[in-house]
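Q: Predicted model, plus sequence, below.
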Amino acid sequence: MEILNNLALGVSVAFTIENLMYCALGVTVGMLIGVIPGVGHLAAISMLLPLTYYVPATTALVMLAGIYYGAQYGGSTAAILLNLPGTPSSSVVCLDGYPMTKDGRAGVALFMTTIASFVGSFITVIVLAAFAPPLANFAVAFNSADYFAMMLLGLVAAAILVQGNPAKGLAAVVFGLILGVVGTDVSTGLQRYTFGFTFLYDGLNIVAIAMGIFGVTEVVANVGKVIQIKDDKKITFKSLLPTRRDIKESIFPMLRGTGIGTGIGILPGTGTSIGSFIAYAVEKRISKNPEKFGKGAIEGITAPESANNAAAQSAFIPTLTLGIPGDAVMALMLGALLIHGITPGPNVISDSPDLFWGLVISFLIGNVLLLILNIPMVGLWVRLLKIPYPILYPSIILFIVIGVYSINYSNMDIVLVALFGVMGCLFLLLGFEPAPLLLGFILGPLMEENFRRAMLLSRGDLMVFLERPVSATFFAMIAALIVWSIVSALRKKRVPVSAEY
């Protein structure tokens with residue numbers, strides 16, 4: 001009965017005119033960003049983050065979330081029609097989606113990816129509503145030592161599980177932690193790393209950092225790229241209809257993909273891309289005809305798409321209930337909460353039930369809107385790919401400058417965007433992942449606060465982190481992650497040597 005009352009509260013919040021408008025805005029912008037390769041949902045969320053200053057916290061989160069999972073829907077459109085993934089997680093859809101287009105089955109591929117995305121999102125929203133409150137109730141018993149250990153686990157996982165060198169991921173996390181302590185120390189009132197600049201007394205602006213390392217970097221990285229569209233792909237209503245065999249072969253892959261995506265999304269530092277690739281690999285492994293994958297297998301698009309969107313939704317579970325962001329997008333969501341004075345963690349559900357349950361219901365509304373937007377408007381989304389990059393990207397830079405300036409009306413915020421844009425480009429050239437930096441920046445102050453509180457309560461005894469079962473378990477998981485990372489690195493080094501003999 002309690003969950004029905006909570007869902008009724010969510011319906012009353014989500015179905016207000018303001019929240020419906022911002023939900024529609026978020027999913028539409030997400031679709032647009034997802035279709036256009038190279039822009040990315042991180043850049044879009046960073047650009048629209050200043051808009052959240054002027055709306056309630058629930059409305060802000062509804063819009064930002066809509067951009068996130070809307071981009072997951074849109075990313076598959078260009079991947080299927082033009083072999084150009086709009087988002088990194090939709091790259092795997094190219095493997096079978098584009099061959100289906102060449103076989104004249106583009107409509108079926110688009111329809112089935114939309115249905116798979118909806119199924120993955122819908123089931124995961126039910127999981128979110130059912131399991132998030134019990135998890136939050138369990139986390140209420142955590143003390144400062146437990147929170148510090150849990151946040152440290154999230155950062156270590158984000159550093160180790162990056163695509164590339166874990167050492168570079170760890171370096172990015174540490175740099176993010178350093179950026180997080182810039183400003184006035186709330187305990188002592190001393191200025192740290194401000195170098196005499198008064199605009200740094202309140203700390204670095206999260207919007208400036210996000211816009212610089214994601215927005216500006218994405219624009220610079222895609223300068224000079226040209227998309228050739230030879231002809232329009234005519235998608236008729238009749239061409240959208242799948243056969244019975246398509247439906248039969250998609251049901252269980254969608255369910256398996258949803259399960260994989262839900263589990264992957266809950267883990268910190270993973271993101272949606274890993275879930276998509278694992279779902280594809282599982283389907284290929286268990287298939288009776290694995291040779292058909294890469295040649296237009298319907299399971300090759302439905303499984304990763306359902307996993308992709310399930311991971312996008314389930315990532316909100318640790319973010320809202322524990323205050324631990326799973327990836328950079330969730331870190332921005334936490335930033336939006338902090339901007340509105342809401343401390344992320346298990347008390348969010350009890351202290352702000354309208355925010356949590358309104359967001360849950362908005363997920364359902366947004367996914368229904370995406371069904372309406374996706375299929376009938378395929379032609380419009382494809383035409384967006386014809387926008388010349390010399391027009392598109394300068395416009396994005398203009399929106400970034402206007403957005404960051406509108407927050408504090410400070411010229412220094414624009415300078416910070418430029419500086420972090422240069423930093424983001426250096427990260428790209430050197431092979432560093434920028435996402436761990438943002439996670440370190442968001443979690444750094446929270447970790448410091450909990451570490452200090454734990455030290456005060458234990459009178460400086462570091463053993464407090466190992467004496468409590470919860471924090472000791474988290475530290476054991478951290479040790480296991482580090483050992484696994486070292487063993488994996490050693491195995492990779494041995495492979496080339498053995499191959500020579």
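A: On my side now, so go ahead. Numbering: from 1, shown residues only.

Q: contacts, neighbours, all on C-alpha from now
A: Noted.

Q: Helix or strand: which one has K288?
A: Using DSSP states H and E, K288 is not contained in any helix or strand.

Q: Next, it: phi, psi?
A: When read as degrees, to the nearest 10, the backbone of K288 gives phi -70, psi -20.

Q: Around it, how many other residues sit close by?
A: Neighbourhood size, K288 [other C-alpha atoms under 10 Å]: 9.

Q: I'd like the distance between it and Q191.
A: K288 sits 64 Å away from Q191 when distances are taken as C-alpha to C-alpha, to the nearest Å.

Q: secondary structure class for G212?
A: Recorded secondary structure, G212: helix (DSSP: H, G, I helix; E, B strand; the rest coil).

Q: Show the model's pLDDT score for it.
A: Looking at G212, its pLDDT is 82.

Q: Could you find the closest non-adjacent residue to it?
A: In space, and not counting its chain neighbours, G212 is closest to G421: 4.0 Å by C-alpha to C-alpha, 6 or more residues apart in numbering.

Q: tell me which element the one you found falls in.
A: Element membership of G421 [criterion: DSSP H and E] is helix 411-430.

Q: Next secondary structure after that helix?
A: Toward the C-terminus, helix 411-430 is succeeded by helix 435-458 as the next helix or strand (DSSP H and E).

Q: helices and strands around that following helix, which ones?
A: If you count contacts as 3 or more C-alpha pairs under 8 Å, 6 or more residues apart in numbering; DSSP states H and E, helix 435-458 packs onto helix 144-160, helix 166-180, helix 328-339.

Q: What residues sit buried inside that helix?
A: Neighbour counts over helix 435-458 (16 or more other C-alpha atoms under 10 Å) mark 435-447, 449-455 as buried.

Q: Strands of the protein, start to end?
A: For the chain, the strands defined by DSSP state E cover 183-184, 191-192.

Q: on that earlier part again, shouldn't the residue nearest to G212 be in contact with E218?
A: No - G421 is beyond contact range of E218, at 9.1 Å (criterion: C-alpha atoms under 8 Å).

Q: wait, what's in contact with F15?
A: By C-alpha atoms under 8 Å, 6 or more residues apart in numbering, the contact set of F15 is empty.

Q: Quick check: it vs G259, distance?
A: Note on F15: its distance to G259, by C-alpha to C-alpha, is 29 Å.

Q: same question, V174
A: Remark: distance between V174 and G259 (C-alpha to C-alpha) = 33 Å.

Q: ok, back up a step: just put the strands of the chain in CSV and tack on mean pLDDT and distance to M463.
A: What follows is those, written out as CSV (pLDDT from 0 to 100; distance: least, C-alpha to C-alpha, whole Å):
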stretch, mean pLDDT, distance to M463
strand 183-184, 85, 29
strand 191-192, 86, 28
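
Q: closest to I298 out of those strands?
A: Proximity to I298 (C-alpha to C-alpha) singles out strand 183-184 among the strands of the chain, at 52.9 Å.

Q: which outside residues touch the closest one?
A: For strand 183-184, the external contacting residues (C-alpha under 8 Å, 6+ apart) are L190, Q191, R192, Y193, T194, L200, Y201, D202, G203, L204.

Q: mind running it again at 7 Å?
A: For strand 183-184, the external contacting residues (C-alpha atoms under 7 Å, 6 or more residues apart in numbering) are L190, Q191, R192, Y193, T194, L200, Y201, D202, G203.

Q: So which residues of the stretch 51-200 of the chain form helices?
A: With DSSP state H, counting those that start in this stretch as the criterion, the stretch 51-200 of the chain has helices at 57-82, 94-102, 106-139, 144-160, 166-180.

Q: tell me the angle of the first one relative to helix 328-339?
A: Helix 57-82 runs at 160 degrees relative to helix 328-339, counting by axes from the mean of the first three to the mean of the last three C-alpha atoms, to 10 degrees.

Q: Counting by contacts, list what helix 57-82 packs against.
A: In terms of contacts (3 or more C-alpha pairs under 7 Å, 6 or more residues apart in numbering; DSSP states H and E), helix 57-82 is packed against helix 17-35, helix 41-48, helix 94-102, helix 106-139, helix 299-314, helix 353-374.
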